[in-house]
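Chemist: Below: sequence and its predicted model.
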Amino acid sequence: MFRNRIELIETRIREFLSEYYGIEPPELIAETPPQVEMGDLAFPFPFQLAKVLRKSPLLIAREIAEQIGSVDGVERFEAAGGGFLNIFLNRESFFKDLYEWLSDPETPGKSGKIIVEHTNINPNKAAHIGHLRNAVLGDTFVRLLVSSGREVEVQNYIDNTGVQVADVVVGFHFIRKMSLAEVAAIEERFDYYCWDLYAQVSEWYDEDPERKELRQQVLHAIEEGLEPFFPLAEHISIRIVRAHLQTMGRLGVHYDVLPRESEILHLKFWEEAYSLLKERRAIEFIEEGPHAGCWVMQLPGENGQEDEEKIIVRSNGTVTYVGKDIAYQLWKFGLLGKTFHYSVFDEYEDGSKIWITSMDSSGEGEPRFGAGDRVYNVIDVRQSYLQRVVVQGLRSLGYSDQADRSTHFSYEMVALSPRCCSELGIELSEEDQARPYVEVSGRKGLGVKADDLIDKLFENSLKEVNQRQADLPQEARDQIARQIAVGALRYFMLKYTRNSVIAFDFAEALSFEGETGPYLQYSIVRSSNIFRKLFERYPEWEGDSWKTFQARLWDSGAMADLLTEDEVWRLVLDIARIPDTVEQAITSLEISGVARHAFTIAQQFNLFYHKHHILSEEDESKRAFYLSVTDTARQGLLHLLDLLGIEVPERM
RNA sequence: GCGCCCGUAGCUCAGCUGGAUAGAGCGUUGGCCUCCGGAGCCAAAGGUCGCGCGUUCGAAUCGCGCCGGGCGUACCA
């Protein structure tokens, strides 16, 4: 709604410039003045016109402000600074429109299915904080897309036949010497058990590099479906995937389908892609040189760089990981001529199902996945090179449209601060001590497990809730503590820009004060409390009946006077900017802006809350006005937190 | 070597496609509950925006070159 207004104003300015000066102006960019007192919009274009019109920018801005006349929705124009054209909106009509928009903020549907792949954790150990960043970013991005009317399919790829699973199989079979039955009988947390085992296997390899032969042997057996390794690998990966879904489920992260590498293998996706790649000369066979005997793809060098070769098929005939990824990407766009079968893997509380790929049809009701119009792969920045290869694969095959619609949603890793390491009891080398952060390493078992962090957050918030809400039954307190823990964690993962490395620090992650999820939740709880108390004190305002007082105010024409206060107006403007913020987050893949915007609004609201005592306001129309503002902030924040996947407790 | 990213307050980070006096949180210091809940609010202190050129009416933002740090660059995934 804000955008529409701006566009109307821009059109009018454009008309005026051509009538009055007879010129076509450059791009009109609407900015926000540094202070509300200076106006609601600022146009710097007079600076650019100065040369053409041979007048000072300030003079131009003045002429326009004086001559343009009245424009719909605009209170007045003003020349400011060295030559800005500033605009003051008509606050009353603006506020009323905003209020209406908030009652139904969703945008109409758009056609085309968007596929978002995220999480994608190797199913051989517990999830850690790095995986949390991926899942929370991916899940939030999905929420943003859905709210803007897009159809979205969420895929979580499972590499169940890779080396990482093989390593754990090696650990169980050769180190622990356990059978499948014995492994199945393990009662302790399986993902945690494997976390330690995987680290142990890595050390075991280091002691004697020849032991890595076992990995190859196991890997081969898994691919071929041979006893005893294949069933063991299957058991491990399925059990770990369940653990991962459980972990992510705690944060409200859901998936539609789990495509597995085993099906990609057995349904011969790669063979299909391979023949396509050869047929269309996207890859070539190398006769001599260091890559002799390999099939490689040419990567056009960026800005004057030399072309590079990326090996897709090794000289021994086996395919690299990227090769399989190209096949998978082709399938995502429905370009492979092959597809999976599916069976139900699990069901969420809301009744929606999560499907997993399978070899055979499970019968009726099998959904159709893949064949998207746009694909986003949420993967950390370290995989940029491989993602570039995948996209080049599509392009080389002649699918340049699909290549253009393939997006690597990249983000920086979560690392551990040295302080965090010492808190975990991890000893660092002097060299590592001096670093700003240390990479998480599953191989070394170095990291913070996702569930441990969530547990700790829950424990801390429960302590607070027990203090503040002692009268509530335990179950209710647990529920609130859970919501706060999730709110804190999701916000923490979203507040940083994508390409900043998070040097994980417990003190910051566990904070509930300042720029945190709980601060946002608290602001909303406060606004709810106002209404609850209102209904207690003024029964005639109960439910929606306060809106009759609001309607009276709106008709009275007293609104304009009440909206003169800049603090209130700033809050209103910030709420009106929500759709822009969301749209910008989608196009720039930068979600932190949405998180920050929510914080800004919450801050403004808290300021307003402290400045005005709403319930004791004697003047009914003023009271109705303050309630309208409260309601606006509340709706805006609820909408934003919904997008961020953060629930709001009843009390806290 | 080459490519990508980062360098802004003591610490952690914002700063939109260049725009008006560089912001927030934490921490520090000092205030604020006869009042809708203090997970809150207010105030103060704290900055050569890594350095140097350049483009521009205007640069934290764009270009080039340095310095410091990180990550990629495998017949690993």
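Modeler: Right, received. Where do you want to start? Note that this is a predicted model, so its numbers are computed, not measured.

Chemist: list the contacts for the residue nearest to A:Lys611 when sequence neighbours are not counted?
Modeler: Using CB to CB, 6 or more residues apart in numbering and skipping residues adjacent in sequence, the residue nearest A:Lys611 is A:Glu567, 6.5 Å away. All C-beta spots, glycine's among them, are computed from the backbone N, C-alpha and C. For A:Glu567, the residues meeting the contact criterion (CB atoms under 8 Å, 6 or more residues apart in numbering) are A:604, A:607-608, A:611.

Chemist: domains of chain A?
Modeler: A:2-89, A:113-416, A:417-446, A:517-644 (automatic domain parsing).

Chemist: How about stretch A:411-427 and RNA strand B, any contact?
Modeler: Yes - applying CB under 7 Å from any atom of the strand, one finds that stretch A:411-427 is in contact with RNA strand B at A:Glu412.

Chemist: Could you report the neighbour count for the closest residue to RNA strand B within chain A?
Modeler: In chain A, the residue that lies nearest RNA strand B is A:Gly514 (2.1 Å; CB to the nearest atom of the strand). By other CB atoms under 10 Å, the residues close to A:Gly514 number 9.

Chemist: Local confidence estimate at it?
Modeler: We have a pLDDT of 95 for A:Gly514.

Chemist: Could you pull up phi and psi at it?
Modeler: phi 80, psi -140 (degrees, to the nearest 10).

Chemist: Which SSE is immediately downstream of the strand or helix carrying A:Ser527?
Modeler: Element membership of A:Ser527, judged by DSSP states H and E, is helix A:517-537. Sequence order places helix A:546-556 as the next helix or strand after helix A:517-537, per DSSP H and E.

Chemist: so does that following helix get close to RNA strand B?
Modeler: No - residues of helix A:546-556 are not located near RNA strand B by CB under 7 Å from any atom of the strand, the shortest gap being 13.1 Å.

Chemist: And stretch A:323-331, by the same measure?
Modeler: No - counting by CB under 7 Å from any atom of the strand, RNA strand B is not contacted by stretch A:323-331; separation bottoms out at 7.6 Å.

Chemist: quick one: contacts for the residue nearest the centre of chain A?
Modeler: The centre of chain A sits closest to A:Leu137, judged by CA atoms, centre = their mean, with a distance of 2.6 Å. By CB under 8 Å, 6+ apart, A:Leu137 lies in contact with A:118, A:378, A:409, A:411, A:493-494, A:498, A:591.

Chemist: Give me the subset of those lying in strands.
Modeler: When DSSP state E is applied, the contacts of A:Leu137 are split such that A:378, A:409, A:411 fall in strands.

Chemist: tell me the average confidence for stretch A:484-492?
Modeler: pLDDT averaged over stretch A:484-492 gives 97.

Chemist: Kindly state the pLDDT recorded for A:Glu364?
Modeler: pLDDT at A:Glu364 comes out at 70.

Chemist: Low-confidence stretches in chain A?
Modeler: Scanning chain A for pLDDT under 70 picks out the ranges A:301-306.

Chemist: so what's A:Val243 up against?
Modeler: Not Val; residue A:243 is Ala. Neighbour list for A:Ala243: A:126-127, A:189-191 [criterion: CB under 8 Å, 6+ apart].

Chemist: what about A:Ile87, which SS state?
Modeler: Under DSSP: H, G, I helix; E, B strand; the rest coil, A:Ile87 falls in the strand class.

Chemist: what's the neighbour count on it?
Modeler: Neighbours of A:Ile87 (other CB under 10 Å): 24.

Chemist: who's it bridged to?
Modeler: Judged by DSSP bridges, the bridge partners of A:Ile87 are A:Leu41, A:Phe77.

Chemist: Wait, it touches A:Asp40, no?
Modeler: Yes - counting by CB atoms under 8 Å, A:Ile87 touches A:Asp40, with 6.0 Å between them.

Chemist: quick one on the thing from earlier: quick check: the residue nearest to A:Lys611 vs A:Leu573, distance?
Modeler: A:Glu567 sits 11 Å away from A:Leu573, going by CB to CB, to the nearest Å.

Chemist: can you tell me the helix or strand for the residue lying closest to A:Phe345 once chain neighbours are set aside?
Modeler: Using CB to CB, 6+ apart and skipping residues adjacent in sequence, the residue nearest A:Phe345 is A:Ile356, 3.9 Å away. Using DSSP H and E, A:Ile356 maps to strand A:353-358.

Chemist: So what are the sheet partners of that strand and their directions?
Modeler: strand A:257-258 (parallel), strand A:341-347 (antiparallel).

Chemist: I'd like those laid out as CSV, including mean neighbour count and distance to RNA strand B.
Modeler: Conversion of those to CSV gives the following (neighbours: other CB atoms under 10 Å; distance: least, CB to the nearest atom of the strand, whole Å):
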stretch, mean neighbour count, distance to RNA strand B
strand A:257-258, 24, 16
strand A:341-347, 16, 21
